[in-house]
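Engineer: okay, structure incoming, though there's no sequence with it:
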Ligand SMILES: CCCCC/C=C/C(=O)SCCNC(=O)CCNC(=O)[C@H](O)C(C)(C)COP(=O)(O)OP(=O)(O)OC[C@H]1O[C@@H](n2cnc3c(N)ncnc32)[C@H](O)[C@@H]1OP(=O)(O)O
């Protein structure tokens, strides 16, 4: 099932056309103290949906570093699809349940020493995450409360707005080349739409991880706030986004993202073949192993 919500629902979806009392300002209910909260979680994702505001807080919960395993990727897509179908949900704040780490990116162990079938299933799930999140009709805000390399950064870049904790220890970026691997074209396209061609080229070639002031300066994140203000700022920002007429905002989002989404949809199988061939190479397996060994040695 291709999770192409924006393309599937190119015009305003029925659930929004049906309207609600607070359709113009969905945060009114929340400020009036009318809180109907629903909690649901699967193994790796915690969700709290406030029906008054229409906002779900979605927390990645895969300790110690929220690496994106096949299980987490699958649960992530199911959760977004579920929220997308839920009439009472119109926006998602994506954040981490782990202290200091938003997400360590793809689970490297899923890309080491496994079969070609496993690599293909894993990569399909990574694609699905991107299609689901980047193509979501909902307002999506990344509340980046920790370091966020590679696919962690990609997840944040898929969102409509990025708020990051202003902590000198946190970094964010697409560091794939540092692992000896190459970010695929749709990672590159996502970053290019945010940073522009020149900066993306430099950033990808160097596998650059940015400090928080650097990330703000180049526009990789939209706002820096003190660590204890990340969630409250995200809640305030999402209210502003939800106050815009939904159908107009959604069509605009679709217009801006459609080309990138179609590109992956049209080349999905070739992209999987490419990944499987690339990641299965002895030299690439060696690079990943060296990288993992270095990570472990840092601790000793
Ligand atoms: C064609 C191919 C394209 C593929 C595109 C790839 C996209 C990706 O996302 S690749 C993944 C890139 N991620 C990274 O480079 C991050 C690596 N991790 C770190 O830099 C650090 O772990 C940290 C900054 C995220 C956290 O540091 P710290 O709090 O000091 O925690 P540890 O380093 O001690 O890590 C704890 C534990 O977790 C393991 N681990 C860390 N990252 C990953 C990961 N991405 N995948 C799998 N496992 C990871 C780490 O090895 C430690 O394990 P143990 O030693 O067994 O405790």
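Structural biologist: Done, it's in. This structure is a prediction, so every number in the text was calculated from the model and none was measured.
Engineer: from now on I want contacts and neighbour counts done on CA atoms only, so please keep to that.
Structural biologist: Noted.
Engineer: how far away is the closest residue to residue 101 other than its chain neighbours from residue 183?
Structural biologist: Sequence neighbours aside, residue 146 is the residue nearest to residue 101 in space, at 4.0 Å (criterion: Cα to Cα, 6 or more residues apart in numbering). As judged by Cα to Cα, to the nearest Å, residue 146 and residue 183 stand 21 Å apart.
Engineer: neighbour count for these two, which is higher?
Structural biologist: Neighbour totals were compared for residue 146 and residue 183, and residue 146 leads with 25 against 16 (other Cα atoms under 10 Å).
Engineer: residues contacting that one?
Structural biologist: Residue 146 makes contacts with 96, 99-103, 164-165, 170-171, as judged by Cα atoms under 8 Å, 6 or more residues apart in numbering.
Engineer: now with 7 Å?
Structural biologist: Residue 146 makes contact with 100-102, 165, 170, according to Cα atoms under 7 Å, 6 or more residues apart in numbering.
Engineer: and the helices in the stretch 51-200 of the chain?
Structural biologist: 70-85, 116-134, 151-158, 185-195, 197-206 (DSSP state H, counting those that start in this stretch).
Engineer: roughly how far does residue 295 sit from residue 104?
Structural biologist: Residue 295 is 12 Å from residue 104, by Cα to Cα.
Engineer: so residue 293 sits in a strand?
Structural biologist: No - Residue 293: not assigned to a strand; according to DSSP: H, G, I helix; E, B strand; the rest coil it is helix.
Engineer: oh, and call the first residue 29 from now on, that's how I've got it
Structural biologist: Sure, I'll start counting at 29 from here, so that last one is residue 321.
Engineer: deepest of the helices of the stretch 79-228 of the chain, which one?
Structural biologist: helix 179-186 (a mean of 24; mean count of other Cα atoms under 10 Å).
Engineer: mean confidence for it?
Structural biologist: Averaged over helix 179-186, pLDDT sits at 98.
Engineer: re the thing from before, look at residue 323 and residue 132 and report which has more neighbours.
Structural biologist: residue 132 (21 against 11).
Engineer: got the contact list for the nearest residue to the more buried one once chain neighbours are set aside?
Structural biologist: What sits nearest to residue 132 in space, not counting adjacent residues and going by Cα to Cα, 6+ apart, is residue 95, at 4.9 Å. Residues near residue 95 by Cα under 7 Å, 6+ apart: 131-135.
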